[in-house]
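> With the sequence up front, the predicted model follows.
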Amino acid sequence: MKNTFKDISKIAYKGDTNCCTVIACSIAFEIDYKEAHSFLKSKGRVNGKGLSWGKIDQAYHEMGKLKGFKVTTYKLYYRNEKYAFLDEKKKEQPLCFLRSKSALTINNFRDYLPKGDYIFGIRRHVLAVKNGAVQDWSVNRQMRIFEIWKIEKRKKVFKDVKSPKHDFSKFI
């Protein structure tokens, strides 16, 4: 399934607002908007409101496991007189180095990051990037990125997806 912001936005904003976490989830994990909406609702999201950064991070990692994606969270750190986005858990191999704290924006991320699939955290908003293309209303804006989820497709998918534990239809 190929989701684009243009396609999803036609249905996303009917009866809901502030649904950027749902739109980004749908695009990044290649799932239907309604499935992403139900899943995030099961994680505490309320229509018209977003989620805390901790809950977003947890939800994206869980969705990655369910749908066969490796999700790595990168946060901005200052090390050896340089800013870098480091893996939140390992804090070793940087995703990229920056000239300044505010260097990485939606407008210039291609200058710093390898082509791929990401979800970016910016001030009070998240957005998806599929294969280097921004899938959001904020395309080409100078908004500073401060958190990155790198989304990589795995070959093996979690097998227990059909169990009642992962049935989110009751949240629709």
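That came in fine, so what should we check first?

> quick one: the helices in the chain?
Counting by DSSP state H, the chain has these helices, from start to end: 5-12, 20-28, 33-42, 53-67.

> Could you look over these and pick the most buried one?
Scoring the helices of the chain by mean neighbour count under mean count of other Cβ atoms under 10 Å gives helix 20-28 as the most buried, with a mean of 26. C-beta coordinates here come from the backbone N, C-alpha and C atoms, glycine included.

> List the contacts of that one.
Where contact means Cβ atoms under 8 Å, 6 or more residues apart in numbering, the residues beyond helix 20-28 that reach it are 3-5, 8-9, 12, 16, 31-33, 35-37, 39-40, 45, 50-51, 56, 59-60, 63, 69, 117-119, 125-128, 130, 135-136, 149, 151.

> in the chain, which strand has the most residues?
Among all segments of the chain classified by DSSP state E, the strand with the greatest residue count is strand 69-79.

> okay, Lys170: pLDDT?
On pLDDT, Lys170 comes in at 56.

> what's the pLDDT at the residue positioned nearest the centre of the chain?
Here the mean C-alpha position of the chain is nearest to the C-alpha of Ile119 (Cα atoms, centre = their mean), at a distance of 3.0 Å. On pLDDT, Ile119 comes in at 96.

> Tell me which strands the longest strand of the chain pairs with, and in which orientation.
Strand pairing for strand 69-79, determined by DSSP bridges: strand 82-87 (antiparallel), strand 145-153 (antiparallel).

> Pick out the shakiest of the ones you listed, pLDDT-wise.
Comparing mean pLDDT across the strands paired with strand 69-79, the weakest is strand 82-87, with a mean of 89.

> Now do that one: distance to the chain's middle.
On the basis of Cα atoms, centre = their mean, to the nearest Å, strand 82-87 is displaced by 18 Å from the centre of the chain it belongs to.

> Output it in CSV, but only the C-alpha positions, please.
As requested, the backbone C-alpha atoms of strand 82-87 are provided in CSV (Å, rounded to 0.1, in the frame of the first residue of the first chain):
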residue,chain,number,x,y,z
LYS,A,82,29.8,18.8,17.6
TYR,A,83,26.0,18.2,17.5
ALA,A,84,24.9,14.8,16.3
PHE,A,85,21.8,12.7,16.1
LEU,A,86,22.6,9.5,18.0
ASP,A,87,20.7,6.3,18.5
